[in-house]
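J.: give me the fold of what follows.
(one chain, ligands or ions: 2)
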Amino acid sequence: MSFDRSIKIAPSILSADFADFGREIRAVEDQGADWVHVDVMDGHFVPNITFGPPAVAAFRKHVTTVMDVHLMIAPVDPYIDAFARAGADIITAHVEAGAHIHRTLQAIRGAGARAGVALNPGTPAEAVEHLLDLADLVCVMTVNPGFGGQKFIDMTAKVRRLRAMIGDRPVHIEIDGGVDPATAPALAAAGADVLVAGSAVFRGGSVSNSAPYGENIAAIRAAAQAALG
Ligand code: DX5
Ligand code: ZN
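T.: Ligands and ions are numbered 1, 2, ... in the order given. Next up, the predicted model:
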């Protein structure tokens with residue numbers, strides 16, 4: 001995985017057909033997805049439950065791009081090795097998930113994955129200020145995590161601040177929640193390069209009619225790139 005700041009679209013399979021993940025993953029990749037975003041929820045850190053390491057290992061067989069695993073779980077540390085063994089390229093943990101996020105990021109890299117750190121909407125950019133040399137990605141949540149299809153919360157100012165804090169470091173800024181062609185431009189202009197989108201990618205399509213996935217991905221990408229001038 002090489003680093004660059006080009007716009008990357010990462011469909012969240014939270015909005016896919018849960019009975020058909022393999023074909024859904026292949027469909028979004030065929031239709032232009034750059035990464036595949038996997039939302040792990042535990043019913044404790046967030047009020048919803050999705051999938052654990054065995055499911056993520058099964059997804060891995062179908063992902064040919066980058067498997068971006070977003071852990072919305074607490075505690076995180078006991079499960080890092082399992083998600084790394086499941087084949088996650090990137091493992092993202094929340095600042096809010098425990099007292100020792102610094103140790104968590106070290107453990108993720110120690111397990112052989114890229115390390116991401118996520119910020120809930122109520123958490124300031126400064127919460128990651130002392131973590132930027134330990135992180136490969138900062139995920140700015142633009143919804144309160146737990147569900148797809150929620151209303152976008154504007155975090156443009158936070159993204160701009162993070163982009164300045166990151167400077168020349170090879171750290172991605174990812175946006176997660178309510179991303180669509182209308183919300184993507186300001187975020188891209190502020191410095192975000194990875195755009196997660198669930199409902200805005202999967203709407204209107206299916207595995208047997210996947211062209212809408214491609215149109216949706218292209219529309220988000222075009223809107224974001226246009227904002228970069
Ligand atoms: C929210 C998840 C997101 C979610 C995004 O808790 O982390 O990845 O699937 O879904 P949309 O794009 O529908 O807001
Ligand atoms: Zn997510």
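
J.: tell me who's in contact with the residue in the chain that ligand 1 sits nearest to.
T.: Nearest to ligand 1 in the chain, going by CB to the nearest ligand atom, is Gly198, at a distance of 3.0 Å. From N, CA and C alone the C-beta is placed, and that goes for glycine too. Applying CB atoms under 8 Å, 6 or more residues apart in numbering to Gly198 gives the contacts 11-15, 37, 39, 148-149.

J.: let's see that with 6 Å instead.
T.: Residues counted as contacts of Gly198 (CB atoms under 6 Å, 6 or more residues apart in numbering) are 12, 14-15, 148.

J.: for Thr104, same thing?
T.: Thr104 sits next to 76-77, 93 when contact means CB under 6 Å, 6+ apart.

J.: do that again at 7 Å, thanks
T.: Counting by CB atoms under 7 Å, 6 or more residues apart in numbering, Thr104 touches 76-77, 93, 98.

J.: just to revisit the earlier point, can I get the buried part of the contacts of Gly198 as one ChimeraX selection?
T.: Selection of the buried residues among these in ChimeraX, burial being defined by 16 or more other CB atoms under 10 Å:
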select :12,14,15,148
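
J.: reformat the contacts of Gly198 as a markdown table; add pLDDT and distance to Ala222.
T.: Output for these, formatted as a markdown table (pLDDT from 0 to 100; distance: CB to CB, whole Å):
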| residue | pLDDT | distance to Ala222 |
| --- | --- | --- |
| Ser12 | 98 | 20 |
| Leu14 | 98 | 23 |
| Ser15 | 98 | 20 |
| Gly148 | 98 | 22 |
